[in-house]
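**Q** Coordinates for the following, if possible.
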Amino acid sequence: MTEQKIVAKNDLKNFLENPAIVDKMHKVLGNNPQSFITTVLQIVSSNDLLSNATPASVYGAALTAATMKLPINPNLGFAYIVPYNNRKAGKQEAQFQIGWKGFVQLAQRSGEFESVNTTEIYENQFEGFDYITGDIKIKHEAPKGRVVGFLAYFSLKNGFKKTLYMSLEDVKKHATKYSQSYKKGFGVWADGDDGFNSMAKKTVLKLLLGRFAPLSIEMQTAIQSDQAVVEDVNEFDYIDNDHEPASVEDRKAAVIENQKENPVIELP
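**A** Prediction:
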């Protein structure tokens, strides 16, 4: 571990062990904040870029995930702490992101959903799209060819169901409008087909749930806090739209350094 990383880890450790912060963690997490502190320190120590983020932003992102009982282990794919450069403020901050698996779990946990899913649609499966109902006609065949769109679906126990389909072009337009990381070729959007598809599925599912699903308190928090620096309760800075992500060169260097012990993670 480099001297810089040791200093950064100690800064975060000191922040998390501040009596005022510990008291807040007790109120939110119960009587065992130490396991939370250990997990956060492990996640940060495995990511050079994240170790340079402000302790307060790392804590805010991690606590947001903890309040929704979503693990932040990047290999699980439920929620993530992602480093971003806030060039306006001249500092690196941590952004909270929720994965599509996180949205599915929150939906299941609410008790109101019969089923919920999001998936790629391949060219051999696509038959047509109904602009009135939002339904898509698909052939139930094994995927072949290229991905042409993305589908999200849910049905409720009361019988209501809804589908949202976005073409590949629609997803790209949405990402261009709302995500600096996509526009600048950073993060999971740029991590090959698997990374792009993961982000696209999350995008379609998030839009579908936000527009048509009954939203539990946890689901509202997830939608509000996704892709934001969590500054305080109900205070979010959506840096993915406002600031530059950590440079591609820096990110690649960090991945190379850590890839043997920490495989490349899937970021939502």
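**Q** can you give me the helices in the stretch 151-268 of the chain?
**A** Secondary structure of the stretch 151-268 of the chain (DSSP state H, counting those that start in this stretch): helices at 168-178, 180-183, 192-212, 217-225, 239-242, 248-258.
**Q** what's the third one packed up against?
**A** Helices and strands in packing contact with helix 192-212 are listed as helix 100-110, strand 113-122, strand 147-156, strand 161-167, helix 168-178, helix 217-225; criterion 3 or more CB pairs under 8 Å, 6 or more residues apart in numbering; DSSP states H and E. C-betas here are computed from N, CA, C, even on glycine.
**Q** how far off helix 168-178 does that helix point, in degrees?
**A** Here the directions of helix 192-212 and helix 168-178 differ by 80 degrees (axes from the mean of the first three to the mean of the last three CA atoms, to 10 degrees).
**Q** tilt between helix 192-212 and strand 147-156?
**A** 40 degrees.
**Q** Okay, buried residues for helix 192-212 please.
**A** Across helix 192-212, burial judged by 16 or more other CB atoms under 10 Å covers 195-206, 208-210, 212.
**Q** Is residue 11 within a helix or a strand, and which one?
**A** Applying DSSP states H and E as the criterion places residue 11 in helix 3-16.
**Q** How far off centre is the helix or strand just after that helix?
**A** Per DSSP H and E, the first helix or strand lying C-terminal to helix 3-16 is helix 19-29. Centroid displacement of helix 19-29 relative to its chain, using CA atoms, centre = their mean, to the nearest Å, is 24 Å.
**Q** before we move on, back to that, can you say which of the helices of the stretch 151-268 of the chain is nearest to residue 21?
**A** With distances scored as CB to CB, the stretch of the helices of the stretch 151-268 of the chain nearest to residue 21 is helix 217-225 (18.8 Å).
**Q** other SSEs contacting the closest one?
**A** Going by 3+ CB pairs under 8 Å, 6+ apart, helix 217-225 lies up against helix 55-67, strand 91-98, helix 100-110, helix 192-212.
**Q** would you turn those into CSV with mean pLDDT?
**A** Below are the helices and strands packed on helix 217-225 laid out as CSV (pLDDT from 0 to 100):
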stretch, mean pLDDT
helix 55-67, 91
strand 91-98, 87
helix 100-110, 94
helix 192-212, 90
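**Q** which one of the ones you listed lies closest to residue 75?
**A** helix 100-110 (11.5 Å).
**Q** Hey, what's the angle from that closest one to helix 217-225? Just curious.
**A** Using the same axes, to 10 degrees: helix 100-110 against helix 217-225 is 150 degrees.
**Q** can you pull the buried residues of helix 100-110?
**A** For helix 100-110, by 16+ other CB under 10 Å, it's 100, 101, 102, 103, 104, 105, 106, 107, 110.
**Q** In TSV: those residues, plus distance to residue 161.
**A** Output for the buried residues of helix 100-110, formatted as TSV (distance: CB to CB, whole Å):
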residue	distance to residue 161
100	19
101	21
102	22
103	17
104	16
105	19
106	18
107	13
110	15
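**Q** and which of those residues is nearest residue 218?
**A** Checking the buried residues of helix 100-110 one by one against residue 218 (CB to CB), the nearest turns out to be residue 106, at 5.2 Å.
**Q** show me what contacts that closest one?
**A** By CB atoms under 8 Å, 6 or more residues apart in numbering, residue 106 lies in contact with 68, 70, 216, 218, 219, 222.
**Q** again, but for residue 203
**A** Per CB under 8 Å, 6+ apart, neighbours of residue 203: 150, 166, 171, 174, 175.
**Q** Most neighbours of all those residues, which one?
**A** residue 150 (24 neighbours; other CB atoms under 10 Å).
**Q** That one is in contact with residue 125, isn't it?
**A** No - if you go by CB atoms under 8 Å, residue 150 and residue 125 don't touch, sitting 11.9 Å apart.
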